[in-house]
Every structure is written in C-alpha cells, then in structure tokens.
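Peer 1: what follows is a predicted structure for the sequence shown.
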Amino acid sequence: MKNKDTRCTFLRNLVKKAGPEYSARKEAAEKQVVRWEYYTREAREPMPYLAERLELKRGDCLKGPSGRAYAYGLDRSGNVVVVRTPKTREEPPLEEFRESKGNVIGIIYEVHAQHSAYGATLQKWRRGKLISCDLLDHDGAFLENYSYKKDHLDQIETVGISPDETVNFRFRIRRDPSGELITIERDGLPVYWNPSKIPSLDVLTNRVRQKLLALVPKTVQAARIKERAYCIALAYDSENDQLPPLVGVGLEKERQNWLARHGKKAKTYFWNPAEFTWYENGRLNLHDKALDADSKMLCNRALGKGYWPWYEQKLLDHVTLELNKRHWNSVLPVTDDFIVYAIDFEGANLKKHLKKGVPASKTQLLKARKLI
C-alpha cells in the first residue's frame with residue numbers, strides 16, 4: 001500500500017491537536033443525532049464487512065441503553081456521527097465524534113475528566129463510494145483501500161501496523177450475478193460465507209461428522225502403524241477454527257516410558273498429543289478439500305449463531321463416541337484400554353471430553369489403573 005507513513009502521520013497530527021477540541025466536537029456531533037441504536041458489541045464499524053473478515057460475531061440490537069451497550073448516534077441520513085463503547089479487557093471506555101466535510105473525520109476520546117484523545121479515523125469518499133478508511137489508536141494503525149466492480153465492493157487491501165510488525169491482507173468479495181454476497185476470501189481462502197448461500201448448520205454438522213467418522217480410521221490405517229496404541233487424539237485449536245482436528249496416536253511403548261521416567265506425573269504426558277511421536281509428522285493429516293470447506297462453513301455458521309466455541313467441541317465428542325464403538329484391531333494394534341478422545345491444543349477440557357466422548361466402561365478402567 002502506498003503512502004502508509006503519510007496516512008499514519010496525518011492521523012497522529014489529528015490526535016495531537018484534538019485534546020482542546022473535545023467540547024466543540026462533542027457539541028457539533030451530538031446536535032446532528034436524531035436517533036440512537038444500542039448493541040451488545042460492535043455493530044456499525046466504518047470498515048465494510050470488518051466483523052465478517054475477522055470472523056467475529058456482530059452485536060445484537062438492544063431495545064435501549066445499558067452500562068455495557070455499544071451506542072451509536074445517527075444523523076438524518078443514517079450516518080453514524082457519535083460512537084460510545086464500554087470498557088473492555090483491551091480498552092477503556094471510549095467515545096468518538098465524527099464530522100463530514102467531503103471526507104469523514106472521527107476523533108476518539110477516553111471517557112474521563114481530561115478527555116484525552118485516544119485515536120482518530122478517516123473515511124475518504126468519492127462519488128458516493130468509500131475508497132479508503134484509516135484507524136489509529138494506542139495499539140497502532142489499520143489502513144484500508146477499497147476497489148469496486150459494477151458498483152459493488154470487490155476488493156479490500158488492508159495493512160495493520162503495530163510497534164512489532166506490519167501485516168498485509170487482501171480480501172476478495174465474491175458475489176452472485178445479482179450482486180448478492182456469497183463469500184469473503186482472504187488471500188484466496190474463504191473466511192466468511194453468506195448464511196443464505198450455504199447449507200444449514202444441521203446439514204453441515206452431519207456432513208462433517210460423517211466425513212470424520214470415515215476419514216479418521218482410513219487415515220490411521222494408511223499410516224501403517226505397527227506398534228500397539230492406547231489412544232487416538234482429535235486435537236483442536238479453541239482459539240481459532242476448531243475443525244477439522246489434527247490426529248495423534250499414542251503408543252503403548254511411549255506410555256510405559258513416561259511411567260518409568262515420571263511416575264505419577266506421567267499423566268500429563270499420556271493425553272497430550274504434542275508428546276506423541278505420531279502427531280503432526282505429516283502421516284496423519286486429514287487430506288480432504290470437501291471436509292476443509294464444510295468445516296470452515298460450519299465454524300462460520302456456529303460463530304454467527306453465538307455457538308462458538310462449544311458447538312464444535314460437542315460435535316467432536318459425538319464423533320469420538322461413535323469411533324470408540326469401532327473394532328480398531330483391524331486398523332492398528334491396540335491395548336484393551338484403547339480410547340479415541342478430543343482434546344484442546346493446550347490440554348483444556350480433557351475431563352469433559354473423556355466424560356462425554358468416551359464410554360464410561362473405558363474411563364472406569366483407566367481410572368482403576370490410575371491412568372487418568
């Protein structure tokens with residue numbers, strides 16, 4: 001992106017001189033407000049499709065104000081001229097006042113007696129179309145350019161600048177012949193699907209479940225593991241898309257080695273797939289483009305319904321419960337206490353997954369042997 005430094009400097013200069021302007025900007029912006037809208041979280045950001053691109057859930061509309069609400073003041077044309085956001089883990093309570101003189105300039109202030117300027121936004125418009133939007137705050141800068149095709153937003157060029165790094169992304173907006181949004185791609189990979197253009201959550205859930213039930217045994221069998229295994233782990237990343245999972249196989253030889261070396265503390269190794277020889281070595285990857293696409297859509301739909309992160313974890317428990325009914329000796333050699341279970345990359349929720357995704361008879365056996 002050209003002129004990054006110039007754009008950041010312009011915003012910094014706005015912030016530097018904005019402190020004494022608080023009262024005047026507040027009065028000018030509030031005079032334009034004809035109605036207020038309130039949401040549970042951010043919902044009217046100036047950057048198009050920002051929540052969808054960041055895979056975040058948009059705020060739900062509230063009937064009225066509250067101490068935790070995000071408040072938006074709109075003018076007669078429906079433009080946001082005042083924004084008030086509550087305190088979060090990352091930021092103090094803030095308020096933004098916008099003025100329009102061809103372009104739209106917003107100054108963000110902290111909500112306290114001094115009204116310190118916290119950041120600034122700049123929207124540039126040309127012939128009724130937003131062509132760029134820049135944001136500067138204490139964490140850094142976020143700069144975007146927009147290009148259009150047949151009057152519809154087509155591409156978004158994004159640069160994120162922080163003290164530690166600069167990152168670049170390019171988003172492509174895919175539409176059907178009528179111009180309706182189908183999907184948003186980031187660097188060629190889908191990050192969002194229009195819910196009206198993809199299968200229902202129930203359909204996607206069943207497709208992913210069936211794929212995993214077939215593909216996990218097939219993949220493990222293809223690896224031709226000759227040594228006895230005591231478990232198969234389906235590991236997921238609870239901080240990002242949790243599907244499809246990574247597969248790990250724990251060998252009885254490894255379990256015995258950990259017992260000999262670590263005694264009672266060996267339990268921390270038993271169920272951590274990162275300790276397995278058969279994990280992320282390329283032999284157990286679930287290679288299936290249809291599974292990847294359905295998983296992405298499912299995670300997106302679950303997020304949109306507010307079901308993240310428990311929905312995908314529940315699905316994996318259903319999958320492991322079914323997989324535990326299989327006769328695994330035809331796939332690889334196994335111990336009599338062999339199980340298939342789900343686990344977070346960080347080892348979280350193990351007890352919950354063992355309870356919901358593993359037959360009670362197996363967990364009781366493992367408890368009797370002091371292995372869990």
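Peer 2: Received, thanks.
Peer 1: rest of the way, CA atoms for contacts and neighbours
Peer 2: Will do.
Peer 1: quick one, phi/psi of Gly282?
Peer 2: Per-residue torsions, Gly282: phi 90, psi -20 (degrees, to the nearest 10).
Peer 1: which ones are touching it?
Peer 2: Contact analysis of Gly282 by CA atoms under 8 Å, 6 or more residues apart in numbering lists nothing.
Peer 1: that one and Leu246: what is the separation?
Peer 2: Remark: distance between Gly282 and Leu246 (CA to CA, to the nearest Å) = 10 Å.
Peer 1: got it, and Ala222?
Peer 2: From Ala222 to Leu246 the distance is 15 Å (CA to CA).
Peer 1: the two: which is more packed in?
Peer 2: Each of Ala222 and Leu246 has its neighbours counted (other CA atoms under 10 Å); Leu246 has more, 21 against 13.
Peer 1: which parts of the stretch 51-200 of the chain are strands?
Peer 2: Here the stretch 51-200 of the chain has its strands, by DSSP state E, counting those that start in this stretch, at 61-62, 70-74, 80-85, 94-101, 103-110, 117-126, 129-137, 140-149, 152-161, 166-175, 181-186, 189-193.
Peer 1: so for Lys226, which of the ones you listed sits nearest?
Peer 2: Judged by CA to CA, the one of these that comes nearest to Lys226 is strand 189-193, at 37.0 Å.
Peer 1: I figured Leu298 hits Leu204, correct?
Peer 2: Yes. At 5.8 Å, Leu298 counts as touching Leu204 under the criterion of CA atoms under 8 Å.
Peer 1: show me which of those two is the more surrounded one.
Peer 2: Comparing Leu298 with Leu204 by other CA under 10 Å, the one with more neighbours is Leu298, at 28 against 21.
Peer 1: report the secondary structure state of the more buried one.
Peer 2: With DSSP: H, G, I helix; E, B strand; the rest coil as the basis, Leu298 sits in helix.
Peer 1: what sits against it?
Peer 2: Counted by CA under 8 Å, 6+ apart, Leu298 has contacts 201, 204-205.
Peer 1: any idea how far Val340 is from it?
Peer 2: Look at Leu298 and Val340: by CA to CA, they are 22 Å apart.
Peer 1: could you report the separation of Ser132 from Lys149?
Peer 2: Per CA to CA, Ser132 is found 15 Å from Lys149.
Peer 1: ignore the last one, Gly67
Peer 2: Separation of Gly67 from Lys149 (CA to CA) stands at 42 Å.
Peer 1: cool, and Arg301?
Peer 2: Distance of Arg301 to Lys149, computed by CA to CA: 27 Å.
Peer 1: so between those two, which is more surrounded?
Peer 2: Remark: of Arg301 and Lys149, Arg301 carries more neighbours, 22 against 10, as counted by other CA under 10 Å.
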